[in-house]
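*Asks:* coords please:
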Amino acid sequence: MHFRPTRHRLAKRLGLLLFPLLAAWIAGLIWFAAQIPDNEETSTTANDAIVVLTGGSERLGEGVRLLAEGQGKKLFVSGVYRGVDVRALLRLSQDAPEELACCITLGYEADDTRGNARETAAWIAEEGYSSLRLVTAAYHMPRSLLLFRRAMPDVAILPHPVFPEGFRREDWWLRPRSAWLLINEYSKFLVAVAVNHIRDI
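*Replies:* Residues are numbered from 1 along each chain as shown. Okay, here's the model as predicted:
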């Protein structure tokens with residue numbers, strides 16, 4: 001006799017709790033989307049190093065181009081599969097001069113973005129560098145910067161986003177693939193923020 005009213009009250013209380021959480025999550029998603037770069041205008045200031053995070057061929061091509069233009073002394077590619085060497089990577093990048101091979105270092109230890117940050121921090125310290133240009137996908141940039149600045153607080157990090165064809169920032173909510181990429185990356189960003197907060201406690 002009292003089961004239905006009780007269940008109804010519980011459902012109502014749950015709804016009152018979940019609604020503000022959902023509203024906050026949506027507001028955060030909109031904010032996160034606004035943080036993603038939407039154009040290719042980047043500084044031409046040279047840095048000590050260029051760092052490319054694996055995950056798309058356009059990232060590597062852009063990193064090699066920046067190295068050829070003298071935007072960094074060396075190029076570090078983080079998260080490379082074991083067995084892949086520099087010359088194999090250069091073959092993936094169109095018109096990449098062979099002479100650049102001497103200035104490219106590959107990192108094989110990272111299997112996620114936090115690992116990229118740790119691996120890059122160790123390499124930067126070994127080289128004695130104090131600045132880097134970070135090359136990764138635009139939607140991946142907010143989380144990458146969060147983790148890289150955490151790992152290297154004394155290193156100047158210049159974001160250099162690339163724009164994969166499968167992602168559209170300006171109307172992401174109308175495109176299922178873009179929406180999925182954004183929501184997935186936002187979720188990972190929230191986890192990264194939470195982990196950093198816990199480590200600071």
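*Asks:* list the helices and strands the longest helix seen in the chain packs on?
*Replies:* In the chain, assigned by DSSP state H, the helix with the most residues is helix 3-35. On a contact count with 3 or more C-beta pairs under 8 Å, 6 or more residues apart in numbering; DSSP states H and E, helix 3-35 meets helix 176-200. C-beta here means a position set from N, CA and C on the backbone, and glycine is covered the same way.
*Asks:* isn't there a helix covering Tyr81?
*Replies:* No - remark: Tyr81 does not belong to a helix; assigned using DSSP: H, G, I helix; E, B strand; the rest coil, it is coil.
*Asks:* Enumerate every residue touching it.
*Replies:* Tyr108 (C-beta atoms under 8 Å, 6 or more residues apart in numbering).
*Asks:* Name every strand pairing with the next helix or strand after the longest helix of the chain and say which way it goes.
*Replies:* Downstream of helix 3-35, the next assigned helix or strand under DSSP states H and E is strand 47-53. Taking DSSP bridges as the criterion, strand 47-53 forms sheet pairs with strand 72-78 (parallel), strand 131-137 (parallel).
*Asks:* Would you mind writing the CA trace of strand 47-53 as PDB?
*Replies:* Only the C-alpha atoms of strand 47-53 are listed here, as PDB (Å, rounded to 0.1, in the frame of the first residue of the first chain):
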ATOM      1  CA  ASN A  47      61.100  26.500 -29.300                       C
ATOM      2  CA  ASP A  48      63.800  24.200 -28.100                       C
ATOM      3  CA  ALA A  49      61.800  21.100 -29.100                       C
ATOM      4  CA  ILE A  50      58.800  20.000 -31.100                       C
ATOM      5  CA  VAL A  51      56.800  17.200 -29.500                       C
ATOM      6  CA  VAL A  52      54.300  15.100 -31.500                       C
ATOM      7  CA  LEU A  53      51.800  12.800 -29.900                       C
END
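*Asks:* Can you tell me which of the strands paired with strand 47-53 is most buried?
*Replies:* Among those, strand 131-137 has the highest mean neighbour count (mean count of other C-beta atoms under 10 Å), at a mean of 25.
*Asks:* Next, the buried residues of the helix or strand following it.
*Replies:* Next along the chain after strand 131-137, taking DSSP H and E as the criterion, comes helix 141-151. Of all the residues in helix 141-151, those buried under the rule 16 or more other C-beta atoms under 10 Å are 141-148, 150-151.
*Asks:* Next, format these as TSV and append pLDDT.
*Replies:* Shown next, in TSV, are the buried residues of helix 141-151 (pLDDT from 0 to 100):
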residue	pLDDT
Met141	94
Pro142	94
Arg143	95
Ser144	96
Leu145	96
Leu146	95
Leu147	97
Phe148	97
Arg150	95
Ala151	96
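*Asks:* Out of the strands paired with strand 47-53, which gets nearest to His160?
*Replies:* Closest to His160 of the strands paired with strand 47-53 is strand 131-137 (C-beta to C-beta; 4.8 Å).
*Asks:* starting at the chain centroid, how far to the closest one?
*Replies:* Taking C-alpha atoms, centre = their mean, to the nearest Å, the mean C-alpha location of strand 131-137 is offset from the chain mean by 9 Å.
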